[in-house]
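In: fold the following for me, if possible:
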Amino acid sequence: MVTRREWLGIAMGAGAAVALNGRSLRAMLPSRLDLLTRAIPGTTERIPVVGLGSSATFAQVARTQDVTAVREVLSKMVELGGTVFDTAPGYGASEEVAGRLAQELGIADKLFWATKLNVARGGSADPAAAREQVETSFRRIGRPVIDLIQVHNMGAPSVQLPILREYKQQGRVRYIGITTTSEEQYPQIIEVMRNEDIDFIGIDYAVDNREAEQTILPLARERGLGVLAYAPFGRTRLWTRVAGRQVPDWAREFDANTWAQFFLKFVISNPDITAATPATSQARNIEDNLGGAVGRLPDAATRQRMIEYVDALPAA
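Out: Numbers count the residues shown, from 1 in each chain. From the prediction side, this is the model:
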């Protein structure tokens, strides 16, 4: 399996990741990007349509003694205008390390913090343990108010959502929601979306993973819910499928110069997506990813062309 890091190394060595006129991606990026933003439904608050997740390699690096790469990726995201940072206590040391580094860097108040509540086991949860986990998140992040806390992977919504609602009523949490990245849980998250008073959902969505378009995303639009899109690269699946291939020339029509931008622009061109949060621990990757939130987005016809192109590639 080819990871993005491996693919970027191959592509850059071959010149495939060099943008137009032979300029490197870094040379093309200004110190701060003019990032596309989208309003959180029901509010006038706008957030950049591409942010940063902290699972996968981010979590792996956060567990090490040398967290230089994590420090660099957080700093670079804010430098370029990014704000949305998605984490969870269940992502190993990600929340703890990111909170500490953000405070050291003086950027904690510049981030839109999205974390999760995930102490449920077997469909039940101890309310006291849930509250303690939320309080631990406050201590780690070092802010009196957290922007978004979601029940992680369905957890125990009947127990945990009322707890989060209490925090919201107290003004300590601004938005609450629920997440899943498992198609088997789609019926359950749909039920919560229809029956619970929430603000956000988090769902897996990519150019080759479009099941959420059938019911979940239209329902989010109907209910006025924000949507964070997880795994926009299919974790590593899409990198495997495009290994050794250059981005098609027609992708330049919507300002996609790399595969990351191709994949992300598909996701965020769906108007029901509030923001995509791909995970990375590399500063060069956050630059690449945020480049997907700059310039034109594909229209409906181009989105269909992108689907057909990717669907024709060898399966991962």
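In: quick one: the strands in the stretch 1-150 of the chain, in order.
Out: Per DSSP state E, counting those that start in this stretch, the stretch 1-150 of the chain carries strands over the ranges 37-39, 46-48, 52-53, 84-86, 112-117, 146-151.
In: so what strands line up beside the fourth one?
Out: When sheet partners are counted by DSSP bridges, strand 84-86 sits next to strand 52-53 (parallel), strand 112-117 (parallel).
In: so for residue 291, which of the strands of the stretch 1-150 of the chain sits nearest?
Out: strand 46-48 (12.0 Å; C-beta to C-beta). The C-beta positions use only the backbone N, C-alpha and C, and glycine is treated the same way.
In: give me the number of neighbouring residues for the nearest residue to residue 144 once chain neighbours are set aside.
Out: Leaving aside its sequence neighbours, residue 144 sits nearest to residue 172 (C-beta to C-beta, 6 or more residues apart in numbering; 6.9 Å). When neighbours are counted by other C-beta atoms under 10 Å, residue 172 registers 17.
In: top helix in the protein by residue count?
Out: helix 127-141 (DSSP state H).
In: sorry, back to before: quick one, which of the strands paired with strand 84-86 gets closest to residue 67.
Out: Short answer: strand 52-53, nearest of those by C-beta to C-beta, at 14.7 Å.
In: isn't residue 208 up against residue 242?
Out: No: counting by C-beta atoms under 8 Å, residue 208 stays clear of residue 242, with 10.6 Å between them.
In: more neighbours: which of those two?
Out: A count of neighbours by other C-beta under 10 Å puts residue 242 above the other of residue 208 and residue 242, at 22 against 18.
In: and the pLDDT at the more buried one?
Out: You'll see residue 242 listed with a pLDDT of 97.
In: that one reaches residue 251, doesn't it?
Out: No: at 11.5 Å, residue 242 and residue 251 do not qualify as touching, with contact defined as C-beta under 8 Å.
In: not counting residues beside it along the chain, what's closest to residue 292?
Out: residue 264 (3.3 Å).
In: for the one you found, helix, strand, or coil?
Out: Three-state call for residue 264 (DSSP: H, G, I helix; E, B strand; the rest coil): helix.
In: now do it: how many residues are near it, please.
Out: 28.
In: give the contact list for it.
Out: 50, 232, 276, 278, 289, 292-293 (C-beta atoms under 8 Å, 6 or more residues apart in numbering).
In: and it, how far is that from residue 150?
Out: Distance, residue 264 to residue 150, by C-beta to C-beta, to the nearest Å: 21 Å.
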